[in-house]
Structure formats: structure tokens, C-alpha cells
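[1] A predicted structure for the sequence below; I have some questions about it.
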2 protein chains.
Amino acid sequence: MGEFELIRNFFAAAPCAQGGEGVALGIGDDCALLAVPPGEQLAISTDTLVAGVHFADPCDPFLLGQRSLAVAVSDLAAMGATPVAFTLALTLPTGTSDWLEAFARGLNLMAQNCRVALVGGDTTRGPLSLTMTVFGRVPTGLALTRSGARPGDLLCVGGELGNGAGALPLVLGQRTADAAIAEPLLAHYWSPQPQLALGQALRGRATAVLDISDGLLADCGHIALASKVGIRVERSRLPLSKALLAFLGQSDAEQAALSGGDDYVLAFTLPPAELPSLLADGWPIHVLGQVVAGQGVILLDADGHDITPPIRGYQHFRETP
Amino acid sequence: MGEFELIRNFFAAAPCAQGGEGVALGIGDDCALLAVPPGEQLAISTDTLVAGVHFADPCDPFLLGQRSLAVAVSDLAAMGATPVAFTLALTLPTGTSDWLEAFARGLNLMAQNCRVALVGGDTTRGPLSLTMTVFGRVPTGLALTRSGARPGDLLCVGGELGNGAGALPLVLGQRTADAAIAEPLLAHYWSPQPQLALGQALRGRATAVLDISDGLLADCGHIALASKVGIRVERSRLPLSKALLAFLGQSDAEQAALSGGDDYVLAFTLPPAELPSLLADGWPIHVLGQVVAGQGVILLDADGHDITPPIRGYQHFRETP
């Protein structure tokens, strides 16, 4: 048995590969089989993470396993889907059993957290990269897309912004900070919590939803484009964590929240009448602005002045040549 | 708009990305949505191809696009599934528009051929590799797995063997041959035809099925292991093409058929009573041996002597260090 067959068997024996609701056939055949209940559709998303581009190399394999699955599952949250399964295509320069054991442990923990089963994949030799494809189920007609925002809707987010980007200097070892600051930021970076329950609660209520991966302004731009509307964002309403403010100060914290990316918090547009019941249910929703007729994204200061910067998405911390 | 956003838009505009039967939402949102009819399940398979490991680098991007999708779809054929959709995760060192245009043209041609729609993916910077995840639908309970072979079944294949491995010296430029030899071998390598119709015809008839990617003996070993049976293979019955025999001679052609891999022809086990009707329907089925009680794979010569070699799967032509 070759090294990579051993690795495949290692993943096949992992707790998260032992099936789950909706998994009719798991790892080990030419295909996996998923059962989709009548009245539901299957939501699918694929993400690739490349060493040196999307994550530092070397990095902690436990944290990498945890984070890469969370980032992929976050796209299911953004559709209002319930996670079912995922596949993992892992390209490794060399397979050390320590690395794999730790990676699989992180993967298993997040898989358990999100109730998602590993149903297949591929293991190949080459420069380190991961491609995960995640599957979720969603009632037919209720998936949350980016294209339904209407003038008059509120622009909302489901949590604090900027923590992912704020953590980056800590992740890269460029800066240090007291534990009270570093721990929550690093936890947010390495173990983002896909907002699955919020996504499901928004079905039939929100008009457009996505998860913030490119940065608030760039991602609002995606909604504006898909929905053919304009979006006004009020800088004074940005929800910023104490740790981020203590680490970066007000101005850089706002910058991280607006353009940093890697938050994996839901951003959505909501008819105003839907807000009270969601707040009454205890969802941590922050209203940041509103949808208007027009196009593009406008950033306003507290006095209502247009302070829109050139909008760029998340810049990977290093691009290989 | 960044380079990679341009590339994503390029793929989103490709003919194969314009939807198809079963595709409720295609490229452009957080997830794609697939509709699975009642009474059917979704079959899923993931394959990664790494430059320098699974294909020569550089190679013709048109042929690469064609081949990589065919190889992935072949796993759907092996389950008896009807293709619906696929995702493409493409990691590129640099994106030249010529390369992408040719790659997409090859991808489109094979997608059209297999009636499969591109519904999502990811484009990242890094060393060239591709991960494709393919989706097909199959009636619940009728998917063809590897685990149902029973003693007394016939071992069959759906076409000639060894052409893929035989083509490799031509692909790598290590040898040349007359067009009458080179063309059919190279066509088989670069444009394998997933045996989708045969797979569907085998539903409810074959007891175990897979597509030959690792080589006949190694792949029979997978069926033997999953089905807890032994398999006898008769070397004198190997179906070999004229081009392969002319190029390699009898002995090396047999070796390519037994251990070469890359054939993407279906291998399956069949109760003898099922054979006549399949032959009458014109399927190009070759009987190569039989399933017996026991375990493992035994290769027999024309005199019934055991000539089983140490069984190894397909060895990628070069492994990066």
C-alpha cells in the first residue's frame, strides 16, 4: 500500500468520515451518495486555500484544519443552508503522520461543530494546498442569494467586523499583544464560527445575504451589483470589538472592518419590518446602513459626508511570484 | 477588478456555465443550487490533477481541459450516474489569456459531450493544479458500487485496455510513432470517453463496477477487497488495440493493460445470466475472468498457471520531490 493510500485510509477512519444524516454512501467508492429530501435542494460551494497565499507556510496544522473547513462552511451559512457533507482534496509535499494527525484533529473538531461529514476527496503529492467542497440542504425556493436587495432595506451584519484582518499581524508574527487582546483575535482568525443558525433564521426574511470574506465594502459591492441597487454604509455604526480597538486604535480598526476581509460574519439586507422580531429573538444584528436606488457602495461619515475610498477586496498577505 | 476576478468572470461566461437540467442556480453566488428529483440521489466525486505529477508541465491547455473533466466524469459513469454539474478549483501561477482561452475551450467541449454544467469554483494563485468535483444523479438504490461482486460472477471490461499507459511515452515526447499508431493512442490519453451509457445500462445488472484508473489488476484488487471475494484474471483474454500492439509488442502491451492505468474503461462483475442481453444490445463487453470465493487477485496464463505479479497501481510519471 502506497503512502497516499495510507493517507486516504487515515481520513476514511476519521470520526467525521463515519457518515451522517443525508449521507447514503461515504468514502471508499468511485462516488459518495447524498440523499436530498423532497422539497429541498443541494447547496454547493468550493474553496481553495494555497500555502503562502491564503495561509502562512509553515503553520499549525490543527488550526489550519479547523479554519479551512469553517471558511468553506460559511458559504453554506450565507445561503441559509444546513450543512450535510464535504469533500477534501489535499495536496501535500510530504506526508508526515504528525502533520496529518493534527490536521485531521482540527478538521474533525470543526466538522463536529458544524455537523458535517467527510464523504470523499483526493490526496496528491505537490505544493501544499487544500480544496474543500461543502454541501448543504435548503428548502426549495428559500435559499438566500445576493440578488434580492431592494431600496428601503436595511444593511445589517451578524457580528463584529475587522477581527479577522486585525489578527493577521499576530498570525504572521509581525506584532505581539497581551493575551487579553491576542487571544480573541487569534481565536476569530483560526476558528471562525460559520453563522449557520442566523442564516437559517434569515430564510424568508432577508432579501440578500453573503458572508464577509473580501471585506465589508467589497462584499456590499457584490450585493449592490447582483441586486442592481446602491448601498450606503455609515462608518460610525461599525461594530468593533474591544480587542480590535485596543490593538489597532479607532481609525485602523475601522479600516480593518471596512476592507480587511476574513470576517465570515453574515452581511444582509432586510426589510425594516423584519428587524424587530429578529432582535427580539436575540440575534446579534447591527444595522450599518441602507439600500438605495442606484448602484455601487457609498461610505458616509457621521456628518453624512461621502468618504468612499477606492474599494478593493481582501489582499492575500503574500502572493507567490 | 483584479486578475482573478476577471478569470472568474471569464469562466462564468463560458457556454458550459449557462446552466442545465437540474441546475437551479449556477455560478456567481455563495453557493450553487442543484435540484435532485424525488427518487434519485446525488453522486459526488473529487479529483485533483497536479502539474508535474498527473500531467506534464507545460502541456497543451486545450487537451488538459478536455482530459481533466473526462477523468472526473468517468467516476460518475462507474456509479451508473447521469452527469449534472461540476465545480472547478483552478490554481494558476500566472494567468495568460491564451492559456485560459484554450483550457476553457477544451473544458467546454468535454462538458458539452458529457452534458454537464459548470456551477462554481475558485481561482487562486499558486503552482498549477486543478481540482474538479463532479455531480450526477442516480435512482435511489441503483448506484453501482464496488462491494457487490459474488463468486460465480464474470469479470468484464467495457473496452480495450492499455491505450492510456501506452500513450505515455508519446505524451512525454520520449518516443515517436507513425500517425496510424500515435493518433489513436494520443486520442485515448487526451480525450478519454467516460462510459456513461454503459454505466447506466449496468444498473440493476452488474454487481460491482469501477472505472480503471490505477490499472486492471490494482482496480480488480479494489473490487475484491470491497466485495470480500477473489478475482481470477486470464491474461490471454486481454482486449488490446491494434495500435497498442503495433507500438509496444504483445508482452509490453499486456503489461500496459494489466498495470498501466489511465484507461477510464469500466471494469465490472456480472452474473453470467446478464451477459447475453448486454451483448445483444451491442455493448463492447469483454469477459476477462471470474469472481471466486477467497480474496485478492490472481493472474492466470493460457495454461491456467498462476503468474500473478506484485500488484502495484499506476505510478505517476514523475513525483515532485
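    On my side now, so go ahead. Numbering: from 1, shown residues only, chains lettered A, B, ... in the order given.
[2] show me what contacts the closest residue to residue A:201 other than its chain neighbours?
    Excluding the flanking residues, the one nearest residue A:201 by Cβ to Cβ, 6 or more residues apart in numbering or on different chains is residue A:283, at 6.4 Å. C-beta: built from backbone N, CA, C; applies to glycine. The contact partners of residue A:283, taken as Cβ atoms under 8 Å, 6 or more residues apart in numbering or on different chains, are A:158, A:198, A:201.
[3] How about the secondary structure of the second one?
    For residue A:198, the secondary-structure state derived from DSSP: H, G, I helix; E, B strand; the rest coil is helix.
[4] That one contacts residue A:265, doesn't it?
    No. In this structure residue A:198 lies outside contact range of residue A:265 using Cβ atoms under 8 Å: 9.0 Å.
[5] anything in contact with each of these two?
    Contact criterion Cβ under 8 Å, 6+ apart; residues shared by residue A:198 and residue A:265: residue A:158.
[6] So those two - more neighbours on which side?
    Per other Cβ atoms under 10 Å in any protein chain shown, whichever of residue A:198 and residue A:265 has more neighbours is residue A:265, with 28 against 22.
[7] Next, the contact list for the more buried one, please.
    Applying Cβ under 8 Å, 6+ apart to residue A:265 gives the contacts A:157-161, A:195, A:211-212.
[8] Tell me the helix or strand right after the one helix or strand residue A:100 maps to.
    Residue A:100 belongs to helix A:97-114 when elements are defined using DSSP states H and E. For helix A:97-114, the succeeding helix or strand toward the C-terminus, using DSSP H and E, is strand A:117-125.
[9] re earlier: closest to chain B among the contacts of residue A:265?
    Taking Cβ to the nearest Cβ as the measure, chain B sits nearest to residue A:211 out of those, at 6.5 Å.
[10] which residues does residue A:298 form a beta bridge with?
    Note on residue A:298: beta-bridge partners residue A:232, judged by DSSP bridges.
[11] Verify the contact between it and residue A:229 for me.
    No. Using Cβ under 8 Å, residue A:298 is not in contact with residue A:229; the gap is 11.6 Å.
[12] Out of the two, name the residue with the larger neighbour count.
    Neighbour totals were compared for residue A:298 and residue A:229, and residue A:229 leads with 25 against 18 (other Cβ under 10 Å).
[13] So that one versus residue A:145, what's the distance?
    Residue A:229 sits 14 Å away from residue A:145, going by Cβ to Cβ, to the nearest Å.
[14] Let me know the secondary structure of residue A:43.
    Applying three-state DSSP: residue A:43 is strand.
[15] what's around it, how many residues?
    For residue A:43, using other Cβ under 10 Å, the count is 29.
[16] And for residue A:205?
    So residue A:205, with other Cβ under 10 Å, has 17 neighbours.
[17] Please verify my assumption that it contacts residue A:273.
    No. Checked against Cβ under 8 Å, the pair residue A:205 and residue A:273 is beyond contact range at 9.4 Å.
[18] Would you map the helices across the stretch 101-250 of chain A?
    Along the stretch 101-250 of chain A, counting by DSSP state H, counting those that start in this stretch, helices occupy A:163-171, A:179-190, A:196-201, A:216-227, A:242-259.
[19] Show which residues not belonging to the third one make contact with it.
    By that I understand helix A:196-201. A:73, A:76-83, A:114, A:144, A:158, A:209, A:266, A:278, A:281, A:283.
[20] 6 Å instead?
    Helix A:196-201 is contacted by residues A:77, A:80, A:158, A:266, A:283 when judged by Cβ atoms under 6 Å, 6 or more residues apart in numbering or on different chains.
[21] what mean pLDDT does that helix have?
    Averaged across helix A:196-201, pLDDT comes to 98.
[22] Mind listing what's buried along that helix?
    Going by neighbour count (16 or more other Cβ atoms under 10 Å in any protein chain shown), the buried part of helix A:196-201 is A:196, A:198-201.
[23] Any figure for the gap between residue A:106 and residue A:126?
    Distance of residue A:106 to residue A:126, given as Cβ to Cβ: 21 Å.
[24] Sweet, I'm off.
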